[in-house]
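Q: Any chance you could fold what I've pasted below:
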Amino acid sequence: MNIKSVSAQDGKIIGTDEAWENGTLGADERYVARSPSSSGASVDDALALKPISIRLPETMVEDLRVISKLNGLRGYQPLIRQVLTRFVKKNKKKK
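A: Here you go, the predicted structure:
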């Protein structure tokens, strides 16, 4: 399926997971709005996220930022979350 396919009926881009992931959908600044400051806590609660503090060498943080950008992530924290998730899943299977 061509992710940039346009519906003949309404001229909209057909929604697919790939269209969201590559930015075809959801990246138009005309539809951006700042969320209320309280929404961060509700997102954390909904995803059962717990804020932690970790000390890393500055050079590592910079490397993580570069790697994140290369992988289309916004910042290094989602990358660290992905890496830790893979590590935990793999090691839990060893039990």
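Q: Okay, helices next: where are they in this protein?
A: 17-21, 39-46, 58-70, 76-93 (DSSP state H).
Q: export those to CSV and tack on distance to residue 32?
A: All C-beta atoms are positioned from the backbone trio N, CA, C, and that covers glycine. Putting those into CSV (distance: least, CB to CB, whole Å) gives the following:
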stretch, distance to residue 32
helix 17-21, 15
helix 39-46, 14
helix 58-70, 20
helix 76-93, 19
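Q: As a markdown table, these with distance to residue 31 and mean pLDDT would be great.
A: Putting the helices of the chain into a markdown table (distance: least, CB to CB, whole Å; pLDDT from 0 to 100) gives the following:
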| stretch | distance to residue 31 | mean pLDDT |
| --- | --- | --- |
| helix 17-21 | 13 | 76 |
| helix 39-46 | 17 | 75 |
| helix 58-70 | 23 | 95 |
| helix 76-93 | 22 | 93 |
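Q: Distance to residue 52 and mean neighbour count for the ones you listed - can I get that in CSV?
A: Converted to CSV, those look like this (distance: least, CB to CB, whole Å; neighbours: other CB atoms under 10 Å):
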stretch, distance to residue 52, mean neighbour count
helix 17-21, 27, 13
helix 39-46, 12, 11
helix 58-70, 15, 12
helix 76-93, 10, 12
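Q: Can you tell me which of these is nearest to residue 28?
A: Closest to residue 28 of those, according to CB to CB: helix 17-21, at 12.2 Å.
Q: Pull the number of nearby residues for residue 23.
A: 10 (other CB atoms under 10 Å).
Q: per-residue confidence at it?
A: Residue 23 carries a pLDDT value of 76.
Q: ok, so what distance separates it from residue 74?
A: Using CB to CB, to the nearest Å, residue 23 is found at 11 Å from residue 74.
Q: wait, what's in contact with the spatially most central residue of the chain?
A: Compute the mean C-alpha point of the chain, and by CA atoms, centre = their mean the closest residue is residue 73, 5.6 Å away. Residue 73 sits next to 79, 82 when contact means CB atoms under 8 Å, 6 or more residues apart in numbering.
Q: Nice, that's everything, thank you.
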